[in-house]
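> Give me a model of this one.
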Amino acid sequence: CPSGWSRLNELNEALLISQPSLSRMVERLEAKGLPRRRTAEQDQRGIEISLTEEGHELQRAIGREHVRHLHGMIAPALSPEEFGQLQALTDKLRAGLAREP
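Here you go, the predicted model:
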């Protein structure tokens, strides 16, 4: 999310868990100091959440480990040229997704 804040219902649409499960998970993560919440600026009935600095650090660490794991699975199956093509395609997809509203 470009602003750093996301509504709970938007997160729920992207996840394969129920809304009550998401709310409980956010509460557990809040207890660990990873996200913070606020009343939605555009609609006072909604709740928005954002990662704290500690949450960002954890997300980056998990992301790096995830990339290493994927690389370990994919790289042996592809030639260096194919791996370069895959990287170019995923970069293109990521750029396209960044332009989505």
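
> can you pull out the helices in this protein?
Ranges of helices in the chain, per DSSP state H, are 8-14, 19-31, 53-74, 80-98.

> wait, which of the ones you listed is closest to I47?
Smallest distance to I47 across those (C-beta to C-beta): 5.2 Å, for helix 8-14. C-beta: built from backbone N, CA, C; applies to glycine.

> same for that closest one, what does it pack against?
Using 3 or more C-beta pairs under 8 Å, 6 or more residues apart in numbering; DSSP states H and E, the elements in contact with helix 8-14 are helix 19-31, strand 47-51.

> Of those, flag the one that's most buried.
strand 47-51 (a mean of 18; mean count of other C-beta atoms under 10 Å).

> Select the helix or strand of this structure having the lowest average pLDDT value.
Of all helical and strand segments in the chain, the minimum by mean pLDDT, DSSP states H and E falls on helix 8-14, at a mean of 85.

> list the buried ones in that one?
Applying a neighbour-count criterion of 16 or more other C-beta atoms under 10 Å, the buried positions in helix 8-14 are L8, L11, N12.

> you'd agree the last one is up against Q19?
Yes - N12 is within contact range of Q19, at 5.1 Å (criterion: C-beta atoms under 8 Å).

> what's the overlap in contacts for these two?
Between them, N12 and Q19 share no contacting residue under C-beta atoms under 8 Å, 6 or more residues apart in numbering.
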